[in-house]
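Asks: Okay, here's the prediction I keep looking at, along with the sequence it came from:
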Amino acid sequence: MAESIRVWAKKAFSISLILNSLITVAAVTGILYGYFHAWPYWQPYSPFLISGFLLFIVAAAAIINIFPTASIGRALHTGRLLFHHYVYGGIFLLSSSVAVVAFTSVSLIMIFLINSSNITVNTCRFFILAGAALLLDDLPDVSKRVESALNKFKSGVYCIRKTIHVLQLVTGLITLYVVFAIAFSVVHNPALTFANCLTMCTLLITSITSFACVRRKTWLKITPTN
């Protein structure tokens, strides 16, 4: 029983880290959308963040983290709760997308680009990302063709694993800098919203995850798949 709880807890931890990476990408995408529309008249977290373009690097850090965090859960044998995880992920994605169209005035295409404090919009955002996290966690099981494509991609990545290892460290450091920039902005501007504090916490987890993966040499341990 204790071993089963440990396995499921580790699986939940893995999916949570994938979800955090997706939330990071969604958060910086929304900020960058506003940045480019207002450029050069608005600089996010100015004057503490030297350039809004650094948010692209933050997104890269989150994307680089997805494979190592997903591999934590894929190594575990949890069995199924009626269906594969990707089925539940698809249900979350579909139902949340329908809810956006049916119960909000926001376009589904713009769901992660607009700044909204609407509870329904933000709830739908979360469940869309949660569905995507479940789908990514179980992606190899979607079909043999998908699994084959992922194995080919993994073999290609093997050739540049040392470069990705270094990039994970660099992007993690830059993400940590952005976290401090947001923190100083929140302290000096009390008008900044709760969303900024949430973004700061999400980016901090992304940065810590990057450092943990570098320390464990996760990308260096990747092996080509035959």
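Replies: Perfect, thanks for sending it. Numbering: from 1, shown residues only.

Asks: right, and residue 55 touches residue 179 too?
Replies: No. Using CB atoms under 8 Å as the test, residue 55 is too far from residue 179 to be in contact (11.9 Å). Yep, even glycine has a C-beta here, placed from its N, CA and C like the rest.

Asks: Check which element follows the longest helix seen in the chain along the chain.
Replies: Longest helix of the chain, by residue count under DSSP state H: helix 2-38. Reading on from helix 2-38 to the C-terminus, the next helix or strand found by DSSP states H and E is helix 54-74.

Asks: Which parts of that next one count as buried, going by neighbours?
Replies: Residues of helix 54-74 classed as buried: 54-55, 57-62, 64-70, 72-73 (neighbour count, 16 or more other CB atoms under 10 Å).

Asks: what residues are up against the residue lying closest to residue 94 once chain neighbours are set aside?
Replies: Nearest non-adjacent residue to residue 94, counting by CB to CB, 6 or more residues apart in numbering: residue 131, 7.9 Å away. By CB atoms under 8 Å, 6 or more residues apart in numbering, the contact set of residue 131 is 88-94, 96.

Asks: Most neighbours among those, which one?
Replies: Within the contacts of residue 131, residue 89 tops the neighbour count with 23 neighbours, counted by other CB atoms under 10 Å.

Asks: now what about the helix or strand that one falls within, what contacts it?
Replies: Residue 89 belongs to helix 85-103 when elements are defined using DSSP H and E. With contacts defined as CB under 8 Å, 6+ apart, helix 85-103 is touched by 15, 106, 108, 111, 120-121, 124, 127-128, 130-139, 141-142.

Asks: Report all helices and strands that the strand or helix carrying residue 206 contacts.
Replies: Residue 206 belongs to helix 194-216 when assigned by DSSP H and E. Contact here means 3 or more CB pairs under 8 Å, 6 or more residues apart in numbering; DSSP states H and E; on that basis helix 194-216 packs against helix 2-38, helix 54-74, helix 161-188.

Asks: The last one: how far from the chain's middle?
Replies: The gap between the average C-alpha position of helix 161-188 and the chain average comes to 14 Å, counting by CA atoms, centre = their mean, to the nearest Å.

Asks: what mean pLDDT would you report for it?
Replies: For helix 161-188, mean pLDDT rounds to 95.

Asks: got it, and the longest one?
Replies: This predicted structure assigns helix 2-38 an average pLDDT of 86.

Asks: Just want the angle from that helix to helix 161-188.
Replies: Counting by axes from the mean of the first three to the mean of the last three CA atoms, to 10 degrees, helix 2-38 lies at 70 degrees to helix 161-188.

Asks: Pull out the buried positions in helix 2-38.
Replies: 11, 14-15, 17-28, 30-32, 35.

Asks: how about residue 165, what does it touch?
Replies: Contacts of residue 165 (CB under 8 Å, 6+ apart): 214, 217, 219-220.

Asks: most surrounded residue in these?
Replies: Ranked by neighbours (other CB under 10 Å), these are led by residue 219, which has 22 neighbours.

Asks: got a list of what that one touches?
Replies: Neighbour list for residue 219: 67-68, 161-162, 164-165, 168, 213 [criterion: CB under 8 Å, 6+ apart].
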